[in-house]
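Trainee: Structure of the sequence below:
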Amino acid sequence: MSPKSPASPYAAVFIDFENVYYFLKNHFHDPPDLNDYVLDIVRSLREQLAAKGLDSLISYAYADFERLATAPQGALYLMGVSTRNVLGTDHKNAADMQLCIDALEVMYTRPDIGTFVLVAGDRDYIPVLQHLRRQARQVLVAGFRESVSGDLLQNIGSASFIDARDLLGAERVEQLEKRRTDRLRLQEESRRLREQGLAGVPTAAALAARETAKGPQVGSIPSASAPRPVVPVAPRVAFRATDEVPDFAPVRPLARDIERRTLAFILNEFQKLEAKQQRRVPELWLGPFMRLLTDELPELPDYERRDLLNHLRDAGTIRIEKREGEPHPFSVIVVNYNHPDVQALHPGGE
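Mentor: From the prediction side, this is the model:
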């Protein structure tokens, strides 16, 4: 039986739920009712397809749903969307692979499906999209333009792209954009206040401003009679397992929430080890920690998680040291407990 033409009234929708969820979470600074935004996008997409005369016979959503803050499976089921739980792994494209396999299976087993809709944006989907088009299937892609690969957009053409902002509606997008603007402004104000506190001997006004921006501070920087000045940072070089850094980089404040979140996670791992071993732990093995960080930040690819450690190292919060071992050398993380951001997250540490 030969495939039907794109004039077929039936469509299959494949939703990379994690892709949309984590874009909204990171880009708009973790808005409340996050799942509702994703569900509204899916609902509006199905309505838009219906308005074009397309009946969504098949709809799949892909994610490691156990990692999401709230479970959307019930709401998706009521919308007629089947969920595919893809367990998180060290590989960023685990959900991508399952989605592509299912799309090809539908193409070969359901010749009545003429339109394939992907709610995703990675360039990894280009080969499967090209294959679908060679089989005379219509292909549409929906997503946020900032998170959709430019190569993918060029491949499918603007006429085949559905902007998720249009699916959400102008009023809800305006609310999200306002939240993003407000959070960025607060981050910038907090950064300036921290820099003022590090630039010289802090005045009473500066101390009060720092307490307002960062919350109550417990403990102090023990080794400094006066705060260290901000020193220009040398160009960053990505660390490798063989790197050996003899000392901490010059102190500067962390600029992003994701960096502070990663630093807090490092400190928490130190505390867990110390509680387990009933003694002070001076260092953390890098390899096992990176696997833990994969579970903590599954929305990021591996290179971005490593990049975060680069930023922490360049800000003087940690250093990466090489250790000789059998059968291979290994690397460890050492924390600078004199750093202001470390002091704020872990008062009294040493």
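Trainee: And the helices in this structure?
Mentor: 17-27, 34-51, 73-78, 94-109, 126-134, 150-156, 164-168, 170-199, 204-214, 257-277, 286-296, 302-314, 340-345 (DSSP state H).
Trainee: Quick one: closest of those to Phe144.
Mentor: helix 164-168 (4.7 Å; CB to CB). For the C-beta atoms, the positions are set from N, CA and C on the backbone; glycine is no exception.
Trainee: Tell me where the model's unsure across the chain.
Mentor: Residue ranges of the chain with pLDDT under 70: 1-6, 69, 88-93, 194-246, 326-327, 347-350.
Trainee: So for it, the centremost residue is which one?
Mentor: Central residue of the chain (CA atoms, centre = their mean): Glu299, 3.5 Å from the mean position.
Trainee: Export the helices of the chain to JSON lines and append columns for mean neighbour count and distance to Pro9.
Mentor: What follows is the helices of the chain, written out as JSON lines (neighbours: other CB atoms under 10 Å; distance: least, CB to CB, whole Å):
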{"stretch": "helix 17-27", "mean neighbour count": "21", "distance to Pro9": "26"}
{"stretch": "helix 34-51", "mean neighbour count": "18", "distance to Pro9": "10"}
{"stretch": "helix 73-78", "mean neighbour count": "14", "distance to Pro9": "23"}
{"stretch": "helix 94-109", "mean neighbour count": "17", "distance to Pro9": "16"}
{"stretch": "helix 126-134", "mean neighbour count": "16", "distance to Pro9": "17"}
{"stretch": "helix 150-156", "mean neighbour count": "15", "distance to Pro9": "21"}
{"stretch": "helix 164-168", "mean neighbour count": "20", "distance to Pro9": "21"}
{"stretch": "helix 170-199", "mean neighbour count": "14", "distance to Pro9": "30"}
{"stretch": "helix 204-214", "mean neighbour count": "14", "distance to Pro9": "57"}
{"stretch": "helix 257-277", "mean neighbour count": "16", "distance to Pro9": "45"}
{"stretch": "helix 286-296", "mean neighbour count": "15", "distance to Pro9": "43"}
{"stretch": "helix 302-314", "mean neighbour count": "17", "distance to Pro9": "42"}
{"stretch": "helix 340-345", "mean neighbour count": "22", "distance to Pro9": "57"}
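Trainee: now the nearest residue to Arg180 once chain neighbours are set aside: how far from Arg123?
Mentor: The shortest distance from Arg180 to any non-neighbouring residue, by CB to CB, 6 or more residues apart in numbering, is to Phe28 (5.0 Å). According to CB to CB, to the nearest Å, Phe28 and Arg123 sit 23 Å apart.
Trainee: And Ala264, by the same measure?
Mentor: From Ala264 to Arg123 the distance is 32 Å (CB to CB).
Trainee: follow-up on the earlier one: among the helices of the chain, which is nearest Ala63?
Mentor: helix 17-27 (4.0 Å).
Trainee: can you give me the offset of the closest one from its chain's centre?
Mentor: Relative to its chain's centre, helix 17-27 lies at 7 Å (CA atoms, centre = their mean, to the nearest Å).
Trainee: Contacts only, for Gly80.
Mentor: If a contact means CB atoms under 8 Å, 6 or more residues apart in numbering, then Gly80 has 46, 56, 59 as its contacts.
Trainee: partners of the last one in the sheet?
Mentor: In other words, Ser59. Val13 (DSSP bridges).
Trainee: list the contacts for it?
Mentor: When contacts are counted by CB under 8 Å, 6+ apart, Ser59 touches 12-15, 42, 46, 79-82.
Trainee: Swap in 7 Å and give it another go.
Mentor: 13, 80-82 (CB atoms under 7 Å, 6 or more residues apart in numbering).
Trainee: you'd agree Leu24 is up against Asp36?
Mentor: No - contact criterion CB atoms under 7 Å: Leu24 and Asp36 do not qualify, at 10.2 Å.
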